[in-house]
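Asker: A structural model of the following input is requested.
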Amino acid sequence: MKILCISGSPRGKRSNTFKLMEEAASGIAAVERDVSVEYVHLANLKVEFCTGCDTCHRKLLFCPLKDDVAPVLHSMREADAIILASPVYINHVTAQLKALLDRSSPFIHCQMLAGKHGASLATSGGGPHAMVLDYLKEYLVSCGVQYVGGVSGPVSRFDSMKEEAKALGADLAKAVKGHIAYPDQLSAMEKRREFFKGVIASRKEEWKGEYEYWKEKGWI
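Answerer: Residues are numbered from 1 along each chain as shown. Below is the predicted model:
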């Protein structure tokens, strides 16, 4: 079982966000012994902002920007499960994580992460935090990932959050092992594909890479 944990915290391994990820990983390991966990600290990588050039749509996932994004997107495609984690910065994920997600739009257009399971984690200094989980769930489901759940909260209740993260990790491992399906999410994915079918068809000359992917899948 391959688990990919992506942290948007600028504090890296010193962050509460990473500590929650470690707890989730321990919960996974309690369920599945044969597991490899890869941690990605975006603060240690070069992640440029998307320029909206559309190259990744024409040549599927190819980007002319020379940075560290491509290996991360490859790891996302290779993983069985993905955990996205971020501290809450003014009611949203950090700029580091948002920059990565903006660079992955073919995942959404083509639901390229279908068949995977995912979860999310968010930590706040004391203010609102649930909206970050909502955003990360929407992103993952839009990419075809079945969302198992999330843990968020202020650092004042961090001890209980660590226990929740550990339980979430166990649930994630069980979902992967048991190929657990979430019918409501699968229905939402089907509706999204129906919407994008028209979009992809109308731009088949511009977005040839994505159009060919859709043809290979038999969706168009």
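Asker: How are the helices of the chain distributed by residue range?
Answerer: 16-31, 55-58, 69-78, 95-102, 105-110, 130-142, 158-177, 183-202, 208-217 (DSSP state H).
Asker: closest one to residue 38 among those?
Answerer: Closest to residue 38 of these is helix 69-78 (Cβ to Cβ; 6.1 Å). From N, CA and C alone the C-beta is placed, and that goes for glycine too.
Asker: circling back: what's the closest of the helices of the chain to residue 40?
Answerer: helix 69-78 (5.7 Å).
Asker: what's next to that closest one, contact-wise?
Answerer: Under the contact criterion Cβ atoms under 8 Å, 6 or more residues apart in numbering, helix 69-78 has outside partners 2, 4, 6, 38, 40, 42, 45, 47-48, 61, 63, 82, 100, 103-104, 107, 112-113.
Asker: Name the residues of it that come out as buried.
Answerer: 69, 72-73, 76 (16 or more other Cβ atoms under 10 Å).
Asker: same deal with stretch 196-205?
Answerer: 196, 200, 203.
Asker: and what of stretch 34-53?
Answerer: 35, 37, 39-43, 47, 50.
Asker: gap between the two ends of it?
Answerer: From the first residue to the last, stretch 34-53 extends over 41 Å; the measure is Cα to Cα, to the nearest Å.
Asker: which residue packs closest to residue 155, ignoring adjacent ones?
Answerer: residue 16 (5.9 Å; Cβ to Cβ, 6 or more residues apart in numbering).
Asker: what do you get for residue 209?
Answerer: residue 60 (3.4 Å).
Asker: Also residue 142?
Answerer: Nearest non-adjacent residue to residue 142, counting by Cβ to Cβ, 6+ apart: residue 108, 4.7 Å away.
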